[in-house]
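Undergrad: sequence first, then the predicted structure, then my questions.
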Amino acid sequence: MTSLAPPPPADIDECDFSARARALVGQEMFKVLDRAKAIEDAGHRVFHLELGNPKVRPPEDLIQRVGWEVTHGNTGYTYSGGLPELRRAIAERYATPERPLGIANVVVSPANLLINQFLDLCCERGDRVALFSPAFPTYWAAAAHIGLEAVAVELDRGIGLQLSFEAVDRAVAATPKAIIVNSANNPTGAVYSRPVLDYLVEQCARHGIWILSDETYGELTYDHRFHSLVGSSYPRLVVMSSFSKVLSVPAFRAGFAIADPRVVDKLVLSNSTLYSCLPGFVQAGLVEAMKRIDGYIYNVARHYHDVARDCAEALRENPWMVFTLPRSAFYFFIDIGFTGMTDMDFCRRLLEERHVAVTPGSAFGPAHRDQVRIAFCGQADDVREGIRRLADFARRET
């Protein structure tokens, strides 16, 4: 009997990654954090303005409840869709007269993961997703990983990078399978108007386009009325948010989505497949915090508003520094084109020479290589010193 020769051995020095693995890009701000940590390990102090990593103390009752749950053995598996008590509390908080909500409308999952899950559930490889640019880096990264064509719909700097009717029309004209909208916005702090958001839903419903409304920073709006899309009954609309920012607990990795029950069922199955469930002790703490969440959020939003004013005053000392005052959350998106540097060079030199970490604008879209994002949610004194150093560095490069 003739036997076939075995195939030659694979080169063990090569990894035969899948196309999905080759498409992984991650988030640029975490790469900046890694470089900043290396400088700190060498004995230098770094002023961190690169990550939306709140240093405001979380609600005390949340921390105490989490500790109690762990101490009393709540360390096992739990519901893939989230604790019923937490889902019920979310439904009650966000229900509107136009749209009653129940547990079936809510799923608990990490907000960053929900972006990927949404695109995975509604798009096929090769589909288009329209992103209003500048856009949060995970939108770009998730689209690339899934094999989608991300279409940048650039917003007008002349109107403060606000969403406009014209931008909605351009997004719809790109014939995408899905559109992601982010109000209040990261990185600009812009809060989009109700007429334009309602127009977006109307146009997507007319053309059968899915919408992900990322409202992570909506409740941190401090000088402008925020309009949520949660009241819409359009079945292809998913509204998502995160406890990381509003309760200052990014390490909990807890967010949620509100959607049609059929969509929620798919997201629950996705949770079960990808990570089983979120820790029960974390969710129990969130249930406790939800009882008094309004007062906490009100005070945190006031705090960020105060810090934003201080930062704006420091930035204005350089007359070339162009930015729009944020209306929510804790970011400035500033123009550094006057320095003659790209965003990557500006960020690298600022970190190496002045030990201040910020995020390059190109992380939010290729059209923003002349901008950088500043996060001012750290310790207030550290933020002010970081801003002072940045403004001085930019002034010397003018």
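TA: Here it is on my side, so go on.
Undergrad: quick one: low-confidence parts of the stretch 101-250 of the chain?
TA: Residue ranges of the stretch 101-250 of the chain with pLDDT under 70: 224.
Undergrad: can you do 50?
TA: Along the stretch 101-250 of the chain, the model assigns pLDDT under 50 to no residue.
Undergrad: all helices for it, in order.
TA: 111-122, 137-146, 165-173, 194-207, 243-246 (DSSP state H, counting those that start in this stretch).
Undergrad: Throw the ones you listed into CSV and include mean neighbour count and distance to residue 236, thanks.
TA: Any C-beta I mention is one placed from the backbone N, CA and C, and that applies to glycine too. Shown next, in CSV, are the helices of the stretch 101-250 of the chain (neighbours: other CB atoms under 10 Å; distance: least, CB to CB, whole Å):
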stretch, mean neighbour count, distance to residue 236
helix 111-122, 21, 7
helix 137-146, 21, 17
helix 165-173, 17, 13
helix 194-207, 17, 7
helix 243-246, 24, 25
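Undergrad: now for residue 266, how many residues are close by?
TA: 18 (other CB atoms under 10 Å).
Undergrad: so it is in which element?
TA: Per DSSP states H and E, residue 266 falls inside helix 261-274.
Undergrad: buried residues, that helix. List them.
TA: 263-264, 266-268, 270-271 (16 or more other CB atoms under 10 Å).
Undergrad: please apply the same query to stretch 231-244.
TA: For stretch 231-244, by 16+ other CB under 10 Å, it's 231-232, 234, 236-244.
Undergrad: please name the residues that touch the nearest residue to residue 367 once chain neighbours are set aside.
TA: Spatial nearest neighbour of residue 367, chain neighbours left out: residue 154 (5.6 Å); criterion: CB to CB, 6 or more residues apart in numbering. By CB atoms under 8 Å, 6 or more residues apart in numbering, the contact list for residue 154 reads 133, 167, 365, 367.
Undergrad: what's the answer for residue 169, then?
TA: With CB under 8 Å, 6+ apart, residue 169 has these contacts: residue 203.
Undergrad: that one and residue 200: what is the separation?
TA: Going from residue 169 to residue 200 by CB to CB, to the nearest Å gives 10 Å.
Undergrad: ok, and the closest non-adjacent residue to the most centrally placed residue in the chain?
TA: Nearest to the geometric centre of the chain sits residue 136, at 5.7 Å (CA atoms, centre = their mean). Nearest non-adjacent residue to residue 136, counting by CB to CB, 6+ apart: residue 186, 5.3 Å away.
Undergrad: hmm, that neighbour is touching residue 328, no?
TA: No - applying CB atoms under 8 Å, one finds residue 186 not in contact with residue 328, separated by 9.2 Å.
Undergrad: which neighbours do those two share?
TA: Shared contacts of residue 186 and residue 328, counting by CB under 8 Å, 6+ apart, come down to residue 217.
Undergrad: can you give me the strands in the stretch 51-200 of the chain?
TA: Secondary structure of the stretch 51-200 of the chain, counting by DSSP state E, counting those that start in this stretch: strands at 106-109, 128-133, 149-154, 178-182.
Undergrad: how about the ones you listed in a markdown table, adding distance to residue 303?
TA: What follows is the strands of the stretch 51-200 of the chain, written out as a markdown table (distance: least, CB to CB, whole Å):
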| stretch | distance to residue 303 |
| --- | --- |
| strand 106-109 | 27 |
| strand 128-133 | 28 |
| strand 149-154 | 32 |
| strand 178-182 | 22 |
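Undergrad: where do the strands sit along the stretch 201-350 of the chain?
TA: Taking DSSP E, counting those that start in this stretch as the criterion, the stretch 201-350 of the chain contains strands spanning 210-214, 237-242, 255-258, 331-335.
Undergrad: ok, back up a step: which of the contacts of residue 154 count as buried?
TA: The neighbour count (16+ other CB under 10 Å) marks 133, 167, 365 as buried among these.
Undergrad: ok, how many other residues are close to residue 302?
TA: With neighbours defined by other CB under 10 Å, the count for residue 302 comes to 11.
Undergrad: kindly report the same for residue 93.
TA: Using other CB under 10 Å, residue 93 has 14 other residues around it.
Undergrad: please determine how far it is located from residue 76.
TA: According to CB to CB, residue 93 stands 27 Å off from residue 76.
Undergrad: and residue 188, by the same measure?
TA: For residue 188, the distance to residue 76 equals 42 Å [CB to CB].
Undergrad: these two: who's more crowded?
TA: Neighbour tally, residue 188 and residue 76, criterion other CB under 10 Å: the higher count belongs to residue 188, 27 against 9.
Undergrad: that one and residue 316, how far apart?
TA: Taken as CB to CB, the span from residue 188 to residue 316 is 17 Å.
Undergrad: still on that earlier bit, could you dump the buried residues of stretch 231-244 to CSV with distance to residue 209?
TA: Formatted as CSV, the buried residues of stretch 231-244 follow (distance: CB to CB, whole Å):
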residue, distance to residue 209
231, 19
232, 13
234, 10
236, 7
237, 10
238, 12
239, 15
240, 17
241, 21
242, 24
243, 28
244, 28
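Undergrad: between those residues, which sits nearest residue 35?
TA: Nearest to residue 35 among the buried residues of stretch 231-244: residue 244, at 22.8 Å, using CB to CB.
Undergrad: OK, contacts around the closest one?
TA: When contacts are counted by CB under 8 Å, 6+ apart, residue 244 touches 54, 111, 216, 250, 252-255.
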